[in-house]
Every structure is written in C-alpha cells, then in structure tokens.
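Visitor: predicted model and sequence below, questions to follow.
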Amino acid sequence: MTTSETRKASGPGAPGSVVDARALARARRRASLARFWRSYRAHRGGLWGLGLLIVFAVVAVTAPLLAGADSQSVTDAEGGPLEGPSGRFPLGTDQFGRSVLALLVYGSRISLTVGLLAAFLCVAIGTVVGIVAGHFRGWYATVLMRITDWFLVMPTLVLAIALATVMSRSMWTVIIAIGVTTWPTTARLVRAQTLSVESRPYIERARALGGGHGHVMVRHVLPNVMPLVLAQTTMIISSAILTEATLAFLGLSDPTITSWGGMLQDAREAGAVSAGDWWYLAPPGIAIAAVALAFTLCGRAVESVLNPKLGVRS
Amino acid sequence: MTLLQVRDLTVTYDGGARAVRGVDLTLAAGQKLGVAGESGCGKSTLALALLRLLPASAKVTGEVLLGGEDVLTMKWGRVRAVRWAGASIVFQGAMHSLNAVHRVGDQIAEPILLHKRATREGARRKVAELLEHVGLPAARAASYPHELSGGQRQRVMIAMALACDPELIVADEPTTALDVMIQAQILGLISRLVAEQDLGLVMISHDLAVLADTCDRLAVMYAGRVVEEGPAAQVYADALHPYGKALSGSFPTIGDPASRFAPRGLPGDPPDPAALPPGCTFHPRCPVALDVCARDDQELRPAGAGRRAACVRVGRTGAAEDVRARVRGQGREPEH
C-alpha cells in the first residue's frame, strides 16, 4: 500500500481506522509536498529559475573545490595582470593576476548569503509590523506606522552607510544594515493588504466563532498576505544583492572577502572600464542579474502554486 | 425554557445613527423566530449585537440574556467562549465568509479546535459527520471554497455553525444569494436540523414569505424597532401594522389573477437612522396615517392572542378592522 492509498483509506470518516496519528500526519505532509511539487513542475519559468538557483547554490557550496582554496590570494596569483580570456583563465585575470572565474565563484557565496539573510530579516520585520499595524486600530497602530514612515523617508543608502560605519566591518553588518533599512516598504504593503483582508466577512466569521487577535492574525490574515510577502521577498532578495554590491562598491563591506559588488569596485579602480576589459566587468554584473532573475522566476511560480485562486497553470 | 431574551436593546453607531432602538425579543429552545424588514432597518445590527460583534465605537445598551447570562456585560474571555459554543451565526454571503486559502474541512474544524472540543483527529471525524449531516459527501472536506457551488458553500456554513453544538443559531439572510430551488433545500435543511437538535433559531431576512414558511413566530422591524410581532402565519396572512401589511403585500399570490394586476409595495425608503422623523417613524410612508402619528411615538401594544403591533389604530375598538379595510382599498384602487 502506498502512502496516498493509506491516506485515502484512513481519511476523514473512515470508520474504525486505528492508525497512529503521527504517522498519518507524516504521510499527509509528504503527500502535500508531492502535491506542491506537481503543481510547481507545471511552471516552466519556475523550473528554469529553480535550476539556475541550484547551480548557483552548488557553486557557492563547492567553491573551494571548483576554484581552489587559495585562488583569492593576491600574493600567490598565477597569471599576469588583466589578461584576456584564455584556456587557462576562461574569464581572464584581474589586476593582481587572479582568475576572474575563481573570484566569481567565491563571490556567489557572499551575494547569496547576504541577499537571503538580509531579505529574510527585512521581510520578517516588515510582515510583523504590517500585520500588527493593520490588525490593531487606534493610537498604537498610528505610532507604529509613523515609525515606519520615519524609516521610509530615511535614505536607505545613507542609513546603511551610517550603520556600516558605526558597527564593525563584517558581512553581518551589511546584512543588518540592509534588513533594517528596507523593511518599511514591506510593512506598508503588508499593512495595506491586512486592512483589505480584515474587512472581509470571513474575518468577522472568525471573530464570531470565538477567535482572538492571535488566531485572526496567524490563521486568517497571514496566509492571505503570504503571496504578497513571497513576491516581495523575491524582489527584496534581488535588491538586497544589489545593495550589498553597492555597499561593497563604496568600500563599506569587509575588504578581505570577495563579493560581486566588490569585484565591480576593483574593476573600476583598476581602470577596466576605460581599458575595455569586459571580462572583468561583465561576469559579476551578469551574475547579479541572473541570480535576481532566478529568484523572481521561482517566486512567481511559488506564488501561483500557493494561491489556489491563481490556478495551477497560469 | 427561555433560551434568548433581548430586553430594550439599543445600538447607536458612531455618528449618531440609531440602528436599533429598544428591541425586546424572547426565544425558547426549539423555537424559530423570523426577523423581517427592509434593508437598513437594523436586522443585521441586531444579529451582530447578540454576540457583541459590533465595532467598539457602536454604543450598545439593554440586555441580551443568553441562557440567563447577559452577553453585553460578560468578561471578554467569556464572550469568546460563548461565541459559537453558545450561539453561532450563519452568515449572509457564504463565498465571502469562507477564507479562500483554507480547505473547507479545516475551516469547519476551526471552531472545534479553537474551543478545544476535540483533538485534530476527533475534529476530522466530526467534520465528516457534520458534512454528511448537511448533505455533502465527507470527501468535500478537502475542497477549497471556490471549488464548491453556492448551495454547497451555504451547506458548509451551516455545518460550521453546528460544529460546537450551539444552543442558538442566528441565520443572517442565509439564502439571499441562492436561487429558489437551492433556497428551498437550504431552508428545509435548516428546519430539519433545528427540529432534530432542539436548537433555537433566529432567522433574519427581507423575504417575509421565506420567514413565514420556516419560522414559528415573526417580528417585523422598521427603523430599528419591532413594529409587529406574532405567529408567523398570522403575521404573513393578516398583518396589523401597515408596514407589515405592505411587506406581505409585496409578494404576489401565485395563481391569483387579482394580485397580478394590482401593483403592490410601498413607495419611499426607510428613514435615515441618524435623522428619524418625529412621532411614529413610519408615518411619512404610511397610507393610513392620522394627524396623531406625526406627533406621538407609537409603542408596541398587545393586539390579540400572542400578537403585538405598534400602530395607533391597533387596540382601539374597530381600529384594526379600519386599517385592514383601508390598506386593502389602497391596494385595489388602480384596478378600478
């Protein structure tokens, strides 16, 4: 008997089913994952995005194997400065003679980590603030939204630079700086959606059947703002990667680690732009764009799977 | 046993709209009470006030005794416990009262789990039982609301209302968005369940014919007040208050040629609850108004066995007959 058959046989209403509740729950979770994957597979763009992300993730995880552990070293560089692409260096070398491909491989680690963590931080703060401000009316909601407005009008880059300067120079500083400065847009979006969801009759129904604030917010509002939050997350990830690149470009990230933004800065400083050394400029830029695109494609596919109203194939 | 007793209930919304003005109602277990009236006469506000679901800005006074306990002065935790377990609501638009992102089975289980009536497994069994009770296959629990038809959704809402074995069900226009065939099925279902489980039912509708068919007693509301109350069949067939008369007159009798040609109904709109007319609130639209109606407010007064009406012509010798004659006369006039 397969799991799905077990599920059917012991499903609701089956008399005398004495199946272990935990095993049943596990089977159901597996079945719902399988269902999710079946719907996801129907989205060609989502599959491309997922494939691209897996490639980037594998590259990031296996960077030392792919590029060699000491390929970031300036002193042990193997090639000459700014060599064009060749069989030995497929993407040429930088001004210190390091392989650009190796740098690109190592850079994916920073870009992905910072992008994901910063986006997660930003979306988490934004969602909590947005739902709370949308659910509770009255002066505390107003206060919360004025604080949000204050963060919204603060120029993101200036605030991030200020934070990055005050705190110690590390990857975590960049993550916190991006997370703390980008949440207001999410909070506003989520609050607007919360207000619209809260005015629907099923919220009244939820209150009528005895649900409290927590119940309404978690069970009814959150699932309804989730598609928006997911879509927002994909956008935030791309913009977080861009902001990270910007901060690195401005020399505010840890100079000892290689990131795509940092590579662009190095390229500019080395005069690659005026010299026309495209192999040094184009790869980091294309990589940033590709990761952003992959996240967007995945996000759209997940959104249409999770929101049953959008239909399985859209 | 008195299940629900409403005493002098008034609701004033923020901005001065007096939506409900002194309503008294009594309902025994196993009894079905219909509340009729046009849009904007306070029916739905009354329903929401019963479970304290009105916005905090609305001012509610009076008493709502549910099984002897006053809902309006209860502690917040007690109110939440009473909601659904003591009294549940079948809402108007089933499509919109169901959350589109949850399966209907989970939504029916929601009150059961919320009130800790059962474990997840027990709740699932209960859901299957409830679905079969309302005439849906148990497998429907896995559907999303948009996969069901309007009638099926309303059945789901009814199953949900029964989930915690309440003593009272408030049905707020439960059949408004449904076609007549489905409407008849749903009404039959509600009547059957109420009879089987000895529940109290408060059914709210603008459709007097539906109420007369389903309920034991009828209360007709106008401008936030009950203007006529009595046994359903009597109120429908022979209303004492001119408004009740107009309301029941707006349904043509099938097969009766006379009602085909006589235009019925009542011109005008219900008054603005923030600016009610002086005297009897119905007098500007009343076909049989007297001078005194514009001056004196009319209270509900006894009008025969188990009946009450708020009209100056009721209770005086011969006055009721007078009203009937004149209302009938008005209805027939265009024929001549």
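Guide: Yes, it's here. Keep in mind that this is a model prediction, so the values were computed, not measured. Residues are numbered from 1 along each chain as shown, chains lettered A, B, ... in the order given.
Visitor: point out where chain A drops to low pLDDT.
Guide: Where chain A drops to pLDDT under 70, the residues are A:1-21, A:306-314.
Visitor: an error on my part: the question was meant for chain B.
Guide: Along chain B, the parts satisfying pLDDT under 70 run over B:1, B:258-265, B:315-336.
Visitor: for it, which helix is longest?
Guide: helix B:180-197 (DSSP state H).
Visitor: touching it from outside, list them.
Guide: Applying C-beta atoms under 8 Å, 6 or more residues apart in numbering or on different chains, the contact partners of helix B:180-197 are B:30, B:32, B:90, B:133-135, B:150-151, B:154-155, B:158, B:162, B:165, B:169, B:171, B:174-175, B:178, B:199-201, B:203, B:210, B:213-214. The way it works is simple: take the backbone N, C-alpha and C, and place the C-beta from them, glycine included.
Visitor: dump the C-alpha coordinates for whichever helix or strand comes after that helix into PDB.
Guide: Following helix B:180-197 in sequence order, the next helix or strand is strand B:200-205 (DSSP states H and E). Once non-C-alpha atoms are left out, strand B:200-205 reads as follows in PDB (Å, rounded to 0.1, in the frame of the first residue of the first chain):
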ATOM      1  CA  GLY B 200     -33.200  28.000  18.900                       C
ATOM      2  CA  LEU B 201     -33.100  29.800  15.500                       C
ATOM      3  CA  VAL B 202     -33.200  33.500  14.800                       C
ATOM      4  CA  MET B 203     -33.600  33.900  11.100                       C
ATOM      5  CA  ILE B 204     -33.100  37.300   9.500                       C
ATOM      6  CA  SER B 205     -34.400  38.100   6.100                       C
END
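Visitor: next, the angle from strand B:200-205 to helix B:180-197.
Guide: 160 degrees (axes from the mean of the first three to the mean of the last three C-alpha atoms, to 10 degrees).
Visitor: and strand B:200-205, what other elements does it pack with?
Guide: Applying 3 or more C-beta pairs under 8 Å, 6 or more residues apart in numbering or on different chains; DSSP states H and E, we find strand B:200-205 packed against strand B:2-12, strand B:18-28, strand B:32-36, helix B:43-50, strand B:168-172, helix B:180-197, helix B:208-214.
Visitor: quick check, distance from the longest one to the centre of its chain.
Guide: Looking back up the chat, that one is helix B:180-197. How far helix B:180-197 lies from its chain's middle: 15 Å, per C-alpha atoms, centre = their mean, to the nearest Å.
Visitor: tell me what angle that helix forms with strand B:32-36.
Guide: 140 degrees.
Visitor: likewise the fourth one?
Guide: Here helix B:43-50 runs at an angle of 130 degrees relative to strand B:32-36 (the same axes, to 10 degrees).
Visitor: residues in contact with helix B:43-50?
Guide: Contacts of helix B:43-50 (C-beta under 8 Å, 6+ apart): B:4, B:6, B:9, B:11, B:13, B:19-20, B:23, B:35-37, B:54, B:58, B:60, B:64, B:66, B:71, B:87, B:89, B:92, B:170, B:172-173, B:202, B:204-206, B:221, B:224.
Visitor: quickly check: the helix or strand just after it near chain A or not.
Guide: Per DSSP H and E, the first helix or strand lying C-terminal to helix B:43-50 is strand B:59-66. No: contact of strand B:59-66 with chain A (C-beta under 8 Å from any C-beta of the partner chain) is absent, the minimum separation being 13.7 Å.
Visitor: how about the next helix or strand after strand B:59-66 and chain A, touching?
Guide: Next along the chain after strand B:59-66, taking DSSP H and E as the criterion, comes strand B:69-70. No: using C-beta under 8 Å from any C-beta, strand B:69-70 stays clear of chain A, with a minimum separation of 15.2 Å.
Visitor: walk me through which strands strand B:69-70 pairs with, and which way each runs.
Guide: The sheet places strand B:69-70 alongside strand B:59-66 (antiparallel), with pairing taken from DSSP bridges.
Visitor: list the buried ones in the partner strand?
Guide: Residues B:60, B:62, B:64-66 are the ones in strand B:59-66 that count as buried (16 or more other C-beta atoms under 10 Å in any protein chain shown).
Visitor: one more: stretch A:261-274?
Guide: By 16+ other C-beta under 10 Å, the buried positions in stretch A:261-274 come out as A:261-267, A:270, A:272.
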